[in-house]
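In: Kindly return the folded structure for what I paste below:
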Amino acid sequence: MKKRRLLLGAIVSILMCLCVMGGATFALFTDKADVEVNITAGTVDIDAKVDGGLKLYSMDRYMGDGVLEFENLGYATLTDENKITLVNITPGDKVEFDIAITSTSNVKTKVRTVVKETGVDTGLLKGLNVTVNDEDADLLTGEIVSEWVTVDPNANPADNVLSVAIELPAEAGNEYQGKKAELRFTVEAVQWNGVAIIGEDNLKTALVAGGEVKLESDIALSDDPILIAKDTVLDLNGYTLSATCNSGSDYLMAVKNGVKLDIKDTSAAQDGKVTFAKGASNVGWTIFVEGELNLHSGTIELTGDDWSIGYAVDLRPNAWGTAFTTGSVFNMYGGKIVSSDGAIRVASTSSESYANVSASFIMNGGEIISEYDGIFIQQSNTVYDILNVELLGGKIDSKLSAVRFYGPNATSVVGGVAKPMTLVLGGTDLVEATIDPNRTYLVDGKIIYAGGMSLDNLNTYTTIENR
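Out: Have a look, this model is predicted:
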């Protein structure tokens, strides 16, 4: 028999807890909602419990069906309240169990699972190996939150069973003697009012209506571009939304002034994208923004060669001549902008009807990859708009320039609060540059752009006042 070290008094407590969460933007009812005046409210009601009992192992040896004692006299208990307690476990002891989720909701529901450590003494947690559905759960860095899964009330919640394993590995040392850990597995559910989309017609109908829209297949647009006229959350869900730039279709989608479009990708790989390819027309934009665009994850892409003017995202408040109440804004929190030409343009117009309207790009994270300009700040000679670019985090990898300026009044924040950002410019990393907001210039160590002019092959950071 293998010699084993005995850890006395080590206890693991696993609490199974059901929690129905309210307050999310898409939650109209929870299981505590009361609606009177003879109106029947929809209900969100789920249940989670340990299903099939516990399976115990000692040094990879299965202790047997229904056996709740480890080889070295440690033991496990399971109560009707879904509380599992492991007492006096020793190195090599492991417990496996399944969490079954069932639903009696009568509305569509989104379900997710949260795993976190809830005890005060975390000494034992450092030594445990915890896996959920064969994925390691690193609880030392915080709670683990699964993706939201959409559940039809007529089906078992995504046939959702969580397989959990908790083990004190054989190599654990004496530092874990007498330590404790407590884990809580919480199943949360909210009503879902989103629309799962398959096909071009369904997509356009859903985007016109606004709300939350989730792709369930790749979709290639065949005709007119999409105009976002109501606040919309587009979940790419690992799929691709594509179109080709032709005459009369010089953008894939546009966001009207005063309207917000959020793009995210809740798939594990986050490889979904919105992509626009060069066709018969050589002037185009993947997304044209008059209102507000927020990119959280996923990719916005422009592809093809020999563009005359091409950008993945174009901020320019002048598309439909309506009265503007807010400026054009692009907040980038994550994801990628990838372009075979320019990535992002922040532009103004020469029309007095747009006086004092701002266009602003704020990069908090994510990555810009461009064969031309990363960010082009373009101000017309007759200036009415206020343009602003703030680089607060993320990465820019541009073949020509990370940020290029044209015009008298563009301002930028690069350096200072932008220090966490990495600018990758032709192989040269620029960690910090000093920018005078009263001037318009860019220094990347090799190329200076000022008012459309450029000087090449500079070896030091230099400033040139806009001309």
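In: Can you show me the helices along this structure?
Out: With helices called from DSSP state H, the chain shows them at 200-209.
In: low pLDDT regions in the stretch 301-450 of the chain?
Out: 317-326, 349-357, 379-386, 405-450 (pLDDT under 70).
In: let's see 80
Out: Across the stretch 301-450 of the chain, residues meeting the criterion (pLDDT under 80) sit at 316-327, 347-359, 377-394, 398-450.
In: Likewise for the stretch 1-150 of the chain?
Out: Applying pLDDT under 80 to the stretch 1-150 of the chain picks out residues 1-48, 81-82, 101-126, 133-150.
In: again, 70 this time
Out: Within the stretch 1-150 of the chain, the stretches with pLDDT under 70 are 1-45, 105-108, 110, 119-122, 139-143, 145-150.
In: Return the distance of Asp65 relative to Ile226.
Out: Using Cβ to Cβ, to the nearest Å, Asp65 is found at 57 Å from Ile226. All C-beta spots, glycine's among them, are computed from the backbone N, C-alpha and C.
In: Between these two, tell me which one has more neighbours.
Out: Ile226 (21 against 7; other Cβ atoms under 10 Å).
In: residues in contact with the closest residue in space to Ser249 that isn't next to it in sequence?
Out: Nearest non-adjacent residue to Ser249, counting by Cβ to Cβ, 6 or more residues apart in numbering: Pro225, 5.3 Å away. The contact partners of Pro225, by Cβ atoms under 8 Å, 6 or more residues apart in numbering, come to 243, 249-254.
In: Can you pull the domain assignment for the protein?
Out: Segmentation of the chain into domains, based on automatic domain parsing, reads 11-191, 195-455.
In: What score does the residue nearest to Ser249 have for pLDDT?
Out: Each residue has a pLDDT score; the one for Pro225 is 86.
In: Kindly list the main-chain dihedrals of it?
Out: Main-chain dihedrals, Pro225, degrees, to the nearest 10: phi -70, psi 170.
In: What of Tyr333?
Out: Here is the backbone geometry of Tyr333 (degrees, to the nearest 10): phi -100, psi -20.
In: Could you count how many residues lie near it?
Out: For Tyr333, the neighbour count with other Cβ under 10 Å is 17.
In: Same check on Glu188?
Out: Residues near Glu188, counting by other Cβ under 10 Å: 21.
In: wait, isn't Gly298 in contact with Thr266?
Out: No: in this structure, Gly298 is not within contact of Thr266 by Cβ atoms under 8 Å, at 9.2 Å.
In: any common contacting residues for the two?
Out: By Cβ under 8 Å, 6+ apart, Gly298 and Thr266 have no common neighbours.
In: In terms of neighbours, single out the busier of the two.
Out: Gly298 (28 against 17).
In: The more buried one and Ala254: what is the separation?
Out: Taking Cβ to Cβ, one finds Gly298 at 18 Å from Ala254.
In: Check Ala189 too.
Out: Distance from Ala189 to Ala254, by Cβ to Cβ: 35 Å.
In: ditto for Lys116
Out: 42 Å.
In: out of those two, which sits in the more crowded spot?
Out: Between Lys116 and Ala254, Ala254 has the larger neighbour count (other Cβ under 10 Å), namely 22 against 15.
In: ok, the spatially closest residue to the more buried one that is not a sequence neighbour - how many residues close by?
Out: Nearest residue to Ala254 in three dimensions, chain neighbours excluded: Phe288, at 4.0 Å (Cβ to Cβ, 6+ apart). Per other Cβ under 10 Å, the neighbour tally for Phe288 reads 25.
In: Tell me, what's the model's pLDDT at Lys179?
Out: 78.
In: I'd like the distance between the residue nearest to Pro91 when sequence neighbours are not counted and Lys126.
Out: Spatial nearest neighbour of Pro91, excluding adjacent residues (Cβ to Cβ, 6+ apart): Ala172 at 4.4 Å. Ala172 is 10 Å from Lys126, where distance means Cβ to Cβ.
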